[in-house]
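Participant: I'll drop the sequence and a predicted model, then ask my questions.
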Amino acid sequence: MKKQLLLTFSFLSICFGTYAQSKKAAITIDEKVERLLGQMTLEEKVGQLNQYTGDRLATGPVTENSTKYKDIKEGKVGSMLNVRGAKDTRMVQEIAMQSRLKIPLLFGLDVIHGYRVTFPIPLAEAASWDLKAIETSARVAAIESAAAGQHWTFAPMVDISRDPRWGRVMEGAGEDTYLGSLIAKARVKGFQGNKLGDLDAIMACVKHFAAYGAAIGGRDYNSVDMSDRALWETYLPPFKAAVDAGAATFMNSFNDLNGIPATGNSYLQRDILKGKWGFKGFVVSDWGSIREMIAHGFAKNNAEAAQYAINAGSDMDMEGRVYLSSLAKLVQDRKVDIALVDDAVRRILRKKFELGLFDDPYRFSNEARENKVLNSADNRSKSRDMAKRSIVLLKNDKQLLPLSKSLKTIAVIGPLAKSEKDMMGFWSVKWDNDHLVSLYEGLQNKLGKNTQLLYAAGCNSVTDSTHSGFAEAVEVAKKADVVIMAVGEAFDMSGEAKSRANIHIPGAQEELVQAVKQAGKPVVVLTMSGRPMIFNWVADNADAILHSWWLGSEAGNAMADVLFGDYNPAGKLPMTFPRSEGQIPVYYNYKSTGRPSPTDLAGVYRSGYIDMVNSPRYAFGYGLSYTKFSLTDLKLDKSKVISTDSISVTCLLKNEGKYAGEEVVQLYLQDVFASVTRPVKELKSFEKVYLKPGESKTVKFVVNKEMLSFYDQKMNWTAEPGEFKLMIGNSSDHIMLQSKFELETN
Ligand code: GLC
C-alpha cells in the first residue's frame, strides 16, 4: 500500500512538474516580450519599428544613410533588408549585439522565386496549377535563403490582376481569386515549413495589402478605386487564405485605395487584417510608402505621415525613416498613443523570439551550412521540374511537337535563344558569374552529335527595331529541318516599375518570325516574358507556340524536355492573353451585361467593339497537350440541393492520344439569377490528373454552399436559392460538359 502511495505521489509530482514546465514554456514568449518591453526606452521601442536597406542591393529609391551602423549600435534599427549571406548578416548582427538591450535584427530579402537556384517566375509557376510543385519551389527557396542568414522573405505577392500592362503581374498568380488563394496558401506553407524557428523556415510576407493589382491603367504605384464588393470578392481572398495558412507578416502597398493610401488605411490594416481576421503578425510598409503619403497629398509632413501610419496599423517603416524621425515626439506630444507603439513592438519582438534569435542571434548565419545547402543538384532538379510544368503549349499545328531527337539540322534563332540572364526574370537574386541554362544550351544537352544546331540572333537585342540580322537568320533557317525561335521580353521589361502601354513582343522580333517563316520550314516559337504578351501574327502563322515565361536556372533544359517530348506540357494560362491593349481589362469571369455578345461579334447595340471581337487571343485556363483528353459521363448525385448539403459531381476523363500526360479538369459555376449581377462563370475547383495513353479516371468534385456564395446587396456573404449552371472543361473558353442544379430554400 505504502509503495503504491509513494509511486502515485512521485507520478503526480512528475506530472505536475511537467505541467508547470509546459505551462511555463507556454507563456514564455509572451512573458519574455512583456519583460523586454518593460525595459525599453521610447527611442528603443521606435528603433524596433525602423528598417533600413543594406548597401549591396537597392530595391527602391535609395537615399544616403551614413549613420546606418551607428543607428544599429544605438538600438535604433529593428530590421535590415538586402543584407545577403551568412557572413554579411553575421557581421551586421554583431553590431546590433553591441546595443544596450542586444535585441537581434530581422534580416529580410525579396526571395520571390528562388534564392541561389532561380525558379520560374511566380506567374509561370501559377501556370502549372500544381500546388505541390509550387509549395516545393517555395520550400527550396526557404531552405537556401535560411541557410544564408535570411529570416524573412517579402513574398508571396498575392495581388490579383487583370491588367497585363502592369509589370508586376510576373510576381503573382494571375487573374483568378480561387487559384490565387490556393497558391497563396501553398507559398506561405512552402516558405514557413513546419514551424518558424526551424533552421529551414523563413517568415512569409504577404503583399501588397491591398488591391495593388488594380492600379488604374496598369500603371505601377497608381491609384486604385473600386467597390467594396470588388475588393472583398476578388482582391482580398488570397490575403485571407494567407492569414489562414499562418503567414507571419504582411506588407502594405504603395497605392491609395478609394482615396486612402494603404499604409495609412486603418480599414485595411486594423478593421480587416488585425480585427476581423485576427492577424497576430506584423505589417511592414513597402519601401518608403509611409513617407510617400506626403507625395500622395495625404500627409503634410513626416510627422503626419508617421502619425497616420502607426494609427492605421503599419508596424514597421521600411526605408521611410519617418518613424525614427517623428514617432517619439508624437508620443511625447500625446498625438500618438504609446499603446499603439507597444503593440507594434510586441508583434515584432514576438517574431524574433519565435525565430529563436534571442537564444542565438547568429543561428541562421552559418557559412558551413550555407556552402552545403546552396545550389545543390537536387535544388536545380526541382527548378527544372517546376519549369517544365510551367510551360504552356499554345499551338501545335499538325502535331509538329514533340520534335524528333534524330532531326539532322535545327536552326535556333532569336535574341533570347542564347540568353542566360533573361531566363532569370525580374526579382531574381543576382549572383556573380551565375550559370543559367539557355535554350541553346538546353538543346545541346538534349541532342546528340548527330543533330547539327545552327544559330542566328536575328535581332541584336529584344528592343532592336532594325532588320540587320534578318538575312542571316533566313539563311540559317533555309539549311534546317525545323526552326526553333526564342522571342519576347528582356528580364527587366516586366517587374516593378515596368508597366508597358504596348505589350506586343518588343522590337522587330515578330517581324523576324515573319521573315524566317518565309524560308518555308516548320517554325516553333518559344515566347518568353513576365506577362501576357500580344503576338497576333505569330499566333496565326507559327506552326507551334510554347509560352515559356522566364523559367530560371534550368530554363533551357526544361524547354528541351518539352520540345522533344520528355515532358508533355500541361500548363494552363493563369491570366488572359488579349488580342489588343484596347481590350484591357479582359478576363474570363466577366459579367453578362444587359446586352451580351455571346457570338463574339460586336454587332449593333451589343456590349462589344466595332473594330474587334470581345474574346481574347488565349483564355484563362487554356493550354494544350501532346495528347488528347476527352471528358464524358457528367453525373450530379442530385439536381436540387439545400444549403446545408452538397452535390457530388463526377465525370470521366480519358487519354485518347498516344502520349501520357496531365490534364487540368476545371469546374466553373454560374449563379444564373441573383440579387446582384454575377459573373458568367467562376472557377470553383480543379483537378490535375495524370493518365497514360488509353487510361481513364473518374474525376470527382463536391459542390458546396461556400462555392455558391457571394456578397449580396448588403455585403452579406450568402448563397441565394435559384438555378446554377455547372460547367466542366479544360479551359475557361472550352467547356466540354455542362449541367444545372437548383439551390432550394432550406
Ligand atoms: C519594393 C517592392 C516590394 C519589395 C520591397 C523591398 O519597392 O514594392 O515588393 O518587397 O520594395 O524590396
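Facilitator: Everything's here; your move.

Participant: Residues touching stretch 642-649, excluding its own?
Facilitator: Stretch 642-649 is touched from outside by 634-638, 641, 667, 700-705, 708, 719, 726, 728, 741, 743-746, with contacts defined as CB atoms under 8 Å, 6 or more residues apart in numbering. Every C-beta, even on glycine, is put in place using the N, C-alpha and C of the backbone.

Participant: how much space is there between Phe673 and the ligand?
Facilitator: Distance of Phe673 to the ligand, given as CB to the nearest ligand atom, to the nearest Å: 41 Å.

Participant: ah, wrong one, I meant His467
Facilitator: 38 Å.

Participant: ditto for Val523
Facilitator: 38 Å.

Participant: With Leu653 instead?
Facilitator: 39 Å.

Participant: Break this structure down into its domains, please.
Facilitator: 43-370, 377-583, 629-744 (automatic domain parsing).

Participant: mind listing what the one residue in the stretch 301-450 of the chain that gets nearest to the ligand touches?
Facilitator: Residue nearest to the ligand within the stretch 301-450 of the chain (CB to the nearest ligand atom): Met318, separated by 6.6 Å. Shown in contact with Met318 (CB under 8 Å, 6+ apart): 51, 53, 81, 251, 284-289.

Participant: again, only using 6 Å
Facilitator: When contacts are counted by CB atoms under 6 Å, 6 or more residues apart in numbering, Met318 is found next to 51, 284-285, 287.

Participant: Wait, Phe686 touches Glu663, no?
Facilitator: No - at 10.0 Å, Phe686 does not count as touching Glu663 under the criterion of CB atoms under 6 Å.

Participant: quick one: which of these two has more around it?
Facilitator: Glu663 (25 against 22; other CB atoms under 10 Å).

Participant: The more buried one in helix, strand or coil?
Facilitator: strand (DSSP: H, G, I helix; E, B strand; the rest coil).

Participant: again, but for Val562
Facilitator: Val562 - assigned by three-state DSSP - is helix.

Participant: Count the neighbours of it for me.
Facilitator: That count, for Val562 with other CB under 10 Å as the rule, works out to 28.

Participant: distance of it from Leu634?
Facilitator: 31 Å (CB to CB, to the nearest Å).

Participant: Equivalent analysis for Leu199, please.
Facilitator: Counting by CB to CB, the gap from Leu199 to Leu634 is 49 Å.

Participant: Would you mind measuring from Ala248 to Leu131?
Facilitator: On the measure of CB to CB, Ala248 and Leu131 end up 20 Å apart.

Participant: Between those two, which is the more surrounded one?
Facilitator: Summary of the neighbour comparison: Ala248 and Leu131, criterion other CB under 10 Å, with Ala248 having more neighbours (26 against 19).

Participant: need the contact list for that one.
Facilitator: 203-204, 281, 351.

Participant: Nearest spatial neighbour of it, chain-adjacent residues omitted?
Facilitator: Met203 (3.8 Å; CB to CB, 6 or more residues apart in numbering).

Participant: For that neighbour, which residues are in contact?
Facilitator: 152, 248-249 are the contacts of Met203 under CB under 6 Å, 6+ apart.

Participant: Ok, Val322 next?
Facilitator: Contacts of Val322 (CB under 6 Å, 6+ apart): 290-291, 302, 305-306.

Participant: repeat for Asn655
Facilitator: 627, 629, 691, 693, 695.

Participant: can you redo those as JSON lines with pLDDT and neighbour count?
Facilitator: Shown next, in JSON lines, are the contacts of Asn655 (pLDDT from 0 to 100; neighbours: other CB atoms under 10 Å):
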{"residue": "Thr627", "pLDDT": "98", "neighbour count": "19"}
{"residue": "Phe629", "pLDDT": "98", "neighbour count": "20"}
{"residue": "Leu691", "pLDDT": "98", "neighbour count": "19"}
{"residue": "Pro693", "pLDDT": "98", "neighbour count": "14"}
{"residue": "Glu695", "pLDDT": "98", "neighbour count": "12"}
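
Participant: Let me know the closest of these to the ligand.
Facilitator: Using CB to the nearest ligand atom, those come closest to the ligand at Phe629, 38.2 Å.

Participant: any idea how far the ligand is from the residue nearest to the spatial centre of the chain?
Facilitator: For the chain, the residue sitting closest to the mean C-alpha position, by CA atoms, centre = their mean, is Gly172 at 3.1 Å. Here Gly172 is placed at a distance of 11 Å from the ligand (CB to the nearest ligand atom).

Participant: Got phi/psi on that residue?
Facilitator: Phi and psi for Gly172, reported as degrees, to the nearest 10, are phi -110, psi -160.

Participant: And the pLDDT at it?
Facilitator: You'll see Gly172 listed with a pLDDT of 98.

Participant: Contact partners for it?
Facilitator: Gly172 sits next to 157, 159 when contact means CB under 6 Å, 6+ apart.

Participant: What's the separation between it and Tyr212?
Facilitator: On the measure of CB to CB, Gly172 and Tyr212 end up 9 Å apart.

Participant: which neighbours do those two share?
Facilitator: In contact with both Gly172 and Tyr212: Asp159, using CB under 6 Å, 6+ apart.

Participant: Can you pull the residues of the stretch 1-150 of the chain lying near the ligand?
Facilitator: Contact residues (CB under 6 Å from any ligand atom) of the stretch 1-150 of the chain with the ligand: 59-60, 81, 110.

Participant: need the residues of this protein near the ligand, please.
Facilitator: Checking the chain against the ligand by CB under 6 Å from any ligand atom, the hits are 59-60, 81, 110, 154, 207, 286-287, 496.

Participant: Pull the most distant pair out of these.
Facilitator: Farthest pair in the residues of the chain next to the ligand (CB to CB) is Leu81 and Glu496. Separation: 14.3 Å.

Participant: Let me know the secondary structure of the closest residue to the ligand within the stretch 401-550 of the chain.
Facilitator: Closest approach between the stretch 401-550 of the chain and the ligand, counting by CB to the nearest ligand atom: Glu496, at 5.4 Å. Following three-state DSSP, the label given to Glu496 is coil.

Participant: burial count for it?
Facilitator: Glu496, neighbours per other CB under 10 Å, totals 20.

Participant: can you give me the mean pLDDT across stretch 113-127?
Facilitator: Regarding stretch 113-127, the rounded mean pLDDT is 98.

Participant: Now for Ile72: which residues touch it?
Facilitator: 95-96.

Participant: helix/strand/coil for it?
Facilitator: Classification of Ile72 by three-state DSSP places it in helix.

Participant: Surely Asp397 and Asn541 touch.
Facilitator: No - Asp397 is beyond contact range of Asn541, at 9.8 Å (criterion: CB under 6 Å).

Participant: Who has more neighbours out of those two?
Facilitator: Set Asp397 next to Asn541 and count neighbours by other CB under 10 Å: Asn541 wins out with 16 against 12.

Participant: Quick check: phi and psi on that one?
Facilitator: Per degrees, to the nearest 10, the backbone of Asn541 is at phi -120, psi -20.

Participant: Skip the chain neighbours and tell me the closest residue to it.
Facilitator: Spatial nearest neighbour of Asn541, excluding adjacent residues (CB to CB, 6+ apart): Lys517 at 5.9 Å.

Participant: what number of residues lie near the one you found?
Facilitator: Neighbours of Lys517 (other CB under 10 Å): 21.

Participant: mind checking pLDDT for it?
Facilitator: pLDDT at Lys517 comes out at 98.

Participant: quick one: it from Phe564, how far?
Facilitator: 22 Å.

Participant: now do Glu304
Facilitator: Distance, Glu304 to Phe564, by CB to CB: 61 Å.

Participant: With Val483 instead?
Facilitator: Counting by CB to CB, the gap from Val483 to Phe564 is 15 Å.

Participant: And these two? Which one has more around it.
Facilitator: Between Val483 and Phe564, counting by other CB under 10 Å, Val483 is the more crowded of the two (29 against 18).
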